[in-house]
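J.: this is a predicted model, with the sequence first.
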Amino acid sequence: MIKARARRSGWAVLFGAFALTATVLFAATAGAQEERTTDDQQGDASFAASAKTRDFTKTSIKPQNDSGGNFIPADGAQITVPGNPFSFTKTSKIVTINRITITARITDGDSGAGETERNDLLLVLDGVNTGIPLNGYRNGLQDTRTNSGVPINKRALRNKLRQDGKLRATIKDRDPGPNQDIILPANFETTLTIKGEIRR
């Protein structure tokens, strides 16, 4: 009788250990599976998000505004001809803007290396400050320069483009004052290039 009880007790202990081991293994497997599933879902979501957009480059070339050989205040000066802004097509699905590049010709910009307007003349598009400086326009000289950068106010710029695909270009002087004037020469075409992402 004692031996039988001992035998049954031994089997109970062995069965309990087996059950505990099986439970631990099942939990570990389930946890690993859950972790893989979560990672896969995140990876799939990331892939799906990237698959919905593509890179784009859009360029517009327009006659540059002519100040008639006269000095005009740099602050508020219009680079594009009034009523003839930069124009782009198929802009309603633009998701973000990553880089803007402009080529313009300015006389006496004072934004050359070491000059007073260095980093002070900024590109404004349709009233939105891009934060991109118009540098390299030297004192007393006529220069054609290309300036490029990652714009600030990306969302506002994107929304402007989505509306009608048109952007008028002007200049903002961060510290306007007397004698901070420029000349916009005639017979030049200004170029604006925009890079970003657009929905497929």
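T.: Thanks, I have it. Residues are numbered from 1 along each chain as shown.

J.: what packs against the longest strand seen in the chain?
T.: As assigned by DSSP state E, the longest strand anywhere in the chain is strand 94-107. Counting by 3 or more CB pairs under 8 Å, 6 or more residues apart in numbering; DSSP states H and E, the packing neighbours recorded for strand 94-107 are strand 121-125, strand 128-133, strand 142-149, helix 154-164, strand 189-199. C-betas here are computed from N, CA, C, even on glycine.

J.: now Asp173, nearest residue through space, not along the chain?
T.: Asp75 (3.7 Å; CB to CB, 6 or more residues apart in numbering).

J.: do Ala186 as well
T.: Asp66 (4.0 Å).

J.: and the one you found, what is it in contact with?
T.: Residues near Asp66 by CB atoms under 8 Å, 6 or more residues apart in numbering: Val81, Leu184, Pro185, Ala186, Asn187.

J.: how close does the first one sit to Gly196?
T.: Taken as CB to CB, to the nearest Å, the spacing of Val81 relative to Gly196 amounts to 25 Å.

J.: neighbour count for these two, which is higher?
T.: More neighbours surround Gly196 than the other of Val81 and Gly196, with 21 against 16 (other CB atoms under 10 Å).

J.: near the residue nearest to the more buried one when sequence neighbours are not counted, how many other residues are there?
T.: Counting by CB to CB, 6+ apart, Gly196 lies nearest to Ile97, which is 4.2 Å off, once chain neighbours are set aside. By other CB under 10 Å, the residues close to Ile97 number 24.
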